[in-house]
Structures are given as C-alpha cells and as structure tokens.
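> Got a sequence here, can you build the structure:
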Amino acid sequence: MSINCEHWKEYDSISGPISYCEIAAFGHKLTLDELEKMGCTAEKRKICKQKMEFAVGDAVTPKPEPQPAPVVVPNACDTPKAVAAITVGNAEKKAVSPLFNLLVLGILAGCYIALAGALSTVVTNDLASYVGDGLSRLVGGLVFSLGLILVVIGGAELFTGNTLMVTGWLEGKIQGRQVLRNWTIVFFANFLGAILIATFFYLSGIWKMNGALIGAKSVMTANAKVNLTWTEAFVRGILCNWLVCLAVWLASASKDGVSKILCIVFPITAFVACGFEHSIANMFFIPAGIFLKSQASVLSAVAPALGTDPVGAVSVLANLNWSSFIFKNIIPVTLGNIIGGAIFVGTLYWSVFLKKPTSKKPRLVMNLAGTITRMFIR
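Coordinates of the predicted model:
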C-alpha cells in the first residue's frame, strides 16, 4: 500500500523497513483546518492508520479545537410575572409583621418622605426665578426621590407602597383584615414620622434661610394643597400613587442597588413635577406650612407672591388650617392613593400575570373602585 504524502517517510534499516509520519515524529498536534491545508486529508489519514495502526493514526488525529466557555448573561431584571409573584410574597410577609416592627418602620418611612420633602423645599425655594417653573419642578422631583430610595433600599413601611398588598389578598395568600391592619398601622405611623420632621423643620430654623424664602415656599406649597377641590385632590392622588407603586414595582424587578435607584427616580420625579398628591408627603408639607404661616418674616416673604401685604397675607392663608388639612386634602388624597396603587398597579398586573380563570375578586375590586370614584366625580 503506497502513501502519497510529503510527510510520509520510509527507509530500510538493519532491523527492517521503517515508516513514519513527520507530524507524529515531532509530536505536532494539528487542528482539522491545519491538516486539510497541508493536504493531510481524512482519506490519507485512514490509509495511514491501516498501515501503521495506532502509531501514525493517533499522531495525525486532529486535536479538537477548544470551545469557548458559554457566556452567561444574567437578566438585568426579573420579568413582570416574576415581580407579581415577588409582590405577593412581600404582601405575605407584611401581613404577619409584628406591631412593633410596623410602628418603627412606619415612623421611619414617614421621616424619610418628610426629609425628602424638606430637601425639595430647600433646593427649589427660589429656583423658579432662575430656571423657570418647569425645570424647578423637575429638580424638585429629582431630589424628592430620596424619600422612596431610603424607604426601599434602607427598609421601611410606607402606606402608599403597601397598597400593593392587595395582590396577596387577590392571590388568596392573606386575608382582607390583614391588609387593613397593615394599612391602618402604617398610615398612622407614617403620620407620626412626617409630623416629627415637620416639627424639627420648624424648630431648626432652616426656614429662615435665604431671607425666609424657604419658609415662604413651605407656606405656598401647603396653601396650594389645601385649596384644591376634592375632585382635584382625589384624582391627583390616583395619578401619584400609580407612579409611586410603579416605582416600587420596577425596583422589585431590579437586581442591584443602582438599578433600583434609577427605577425609583424617574417615576417619582414625574409625579412631583406634575404636581400629583402623595398623602404621606402632605403630612409633612401641610403641617410645616401651618407651623410657619404665623411667622412675621415668612409673611413678609410670602406676601409679594400672594399679591398683598403681610397683613393681607394672613387673610389669604386663612384656609391653611388643620381642618382643611384633614378634610380637604388627606382624606381625598388617601382614597386616591389607594385606588392608584391597589387598582391601577396591583390589581391590573395581578389580573394579567397571576389571576386564575375562575377568580372573581378582580371584578369585586373594580366595582369597589368604581363606587369610590363616583363618590367624588359627579
């Protein structure tokens, strides 16, 4: 059997004929592509094996080309369906939280939102005169995002975010009374935290800075909120918590701190810039305005914006009181917040991603939402 190959060598020795392959002799390990290029085809290698058995055949058998390890690209965030399941799991945990935990974490959440409100007030107290109303609102929203960042990443119980607990009830994992228990405790704990920061804001004298314009900004913000109609306050409450709960939902989908922060910043900036109403934030803004409206320096600073003098400002601000705070703002805004979070985020997403075909609860919730809405919009 003859082999026509430039790498095949044959000669006679004292011990007898010797044949070998140069590739084998020098220990080369070649790939299939390299063998094909030099003419060492599969057919030739088959002949070699037949003539020299394993010696040549093993030598010219191509070394498998190393395959790169598969690159595993982790998902940047969970799918909406996974987030819905996570939200239900969170609702189960919140439903059985001890009273002490809910009180402490609720107070902290109220403090965090109020601190963000104080920051927004300080930053934007005269910003509109330099950059205009729109950009001033945008900056105010950006810095106000600090509140929900602290709640979500730091860990706290916020009433508006907890409206998503409705998903746990819809899924049949928790009872309605557990949802109401959490909402009630956390709501009033949030109020304690917010009013605490409003008191500190007043006692600290921060409002005196920049010629008391910070105090004037606080009063103007609070006065605008208590002079909304019920329908305006209610609808703004819906729109606000729709965005807030979307921020919580998106943050739940994220798998790292930076992503969570970014997912929070944009929806929160949107609700603040648009002037929507957040019940817990208003527990800081309106009491702070009530505390400050009787300060002479604040009245002097706010009078030009109200188009009057300091004496006339007292009459213009007469509606800024505790009764208006509760009945003209907190009640309609809170109801709106519940619908915005529980219906437009929690219920709708649950209906799409988790609802069983036989479940009738979404219809019950929608009917309740419609009834409440008709109470305010006639």
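> only C-alpha atoms for contact and neighbour calcs from this point on.
Noted.
> export stretch 76-94 as CSV, just CAs?
Extracted in CSV, the C-alpha atoms of stretch 76-94 (Å, rounded to 0.1, in the frame of the first residue of the first chain):
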residue,chain,number,x,y,z
ALA,A,76,-30.8,42.7,34.3
CYS,A,77,-34.2,42.5,35.9
ASP,A,78,-37.0,40.0,36.7
THR,A,79,-39.9,39.6,34.4
PRO,A,80,-43.2,41.2,35.2
LYS,A,81,-44.7,37.9,36.1
ALA,A,82,-41.8,37.2,38.5
VAL,A,83,-42.3,40.7,40.0
ALA,A,84,-46.0,39.9,40.5
ALA,A,85,-45.1,36.8,42.4
ILE,A,86,-42.5,38.7,44.5
THR,A,87,-45.1,41.3,45.3
VAL,A,88,-47.4,38.6,46.6
GLY,A,89,-44.6,37.2,48.7
ASN,A,90,-43.9,40.6,50.1
ALA,A,91,-47.5,41.0,51.0
GLU,A,92,-47.5,37.7,52.9
LYS,A,93,-44.5,38.9,55.0
LYS,A,94,-46.1,42.3,55.7
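> who's in contact with it?
Here stretch 76-94 makes contact (Cα atoms under 8 Å, 6 or more residues apart in numbering) with 162, 164-168, 171, 173-174, 182, 249, 252-255, 349-350, 353-354.
> same deal with stretch 143-155?
Stretch 143-155 has contacts (Cα under 8 Å, 6+ apart) with 105, 109, 112-117, 119-120, 156-158, 248, 251, 257, 261, 264-265, 268-269, 272.
> mind checking the end-to-end distance for that stretch?
One end of stretch 143-155 sits 19 Å from the other (Cα to Cα, to the nearest Å).
> got the buried residues for that stretch?
For stretch 143-155, burial by neighbour count (16 or more other Cα atoms under 10 Å) applies to Val143, Phe144, Ser145, Leu146, Gly147, Leu148, Ile149, Leu150, Val151, Val152.
> Can you name the next helix or strand after the top helix by length along the chain?
When the chain is parsed with DSSP state H, its longest helix is helix 176-204. Following helix 176-204 in sequence order, the next helix or strand is helix 209-226 (DSSP states H and E).
> Moving C-terminal from that following helix, which element do we reach first?
As assigned by DSSP H and E, the chain's next helix or strand after helix 209-226 is helix 230-253.
> who does that following helix touch, helix- and strand-wise?
Applying 3 or more Cα pairs under 8 Å, 6 or more residues apart in numbering; DSSP states H and E, one finds that helix 230-253 contacts helix 80-95, helix 159-162, helix 257-274, helix 331-338, helix 361-376.
> Need these in TSV (columns: mean pLDDT and distance to Ala318).
Compiled in TSV, these are given as follows (pLDDT from 0 to 100; distance: least, Cα to Cα, whole Å):
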stretch	mean pLDDT	distance to Ala318
helix 80-95	95	41
helix 159-162	98	29
helix 257-274	96	25
helix 331-338	98	20
helix 361-376	60	25
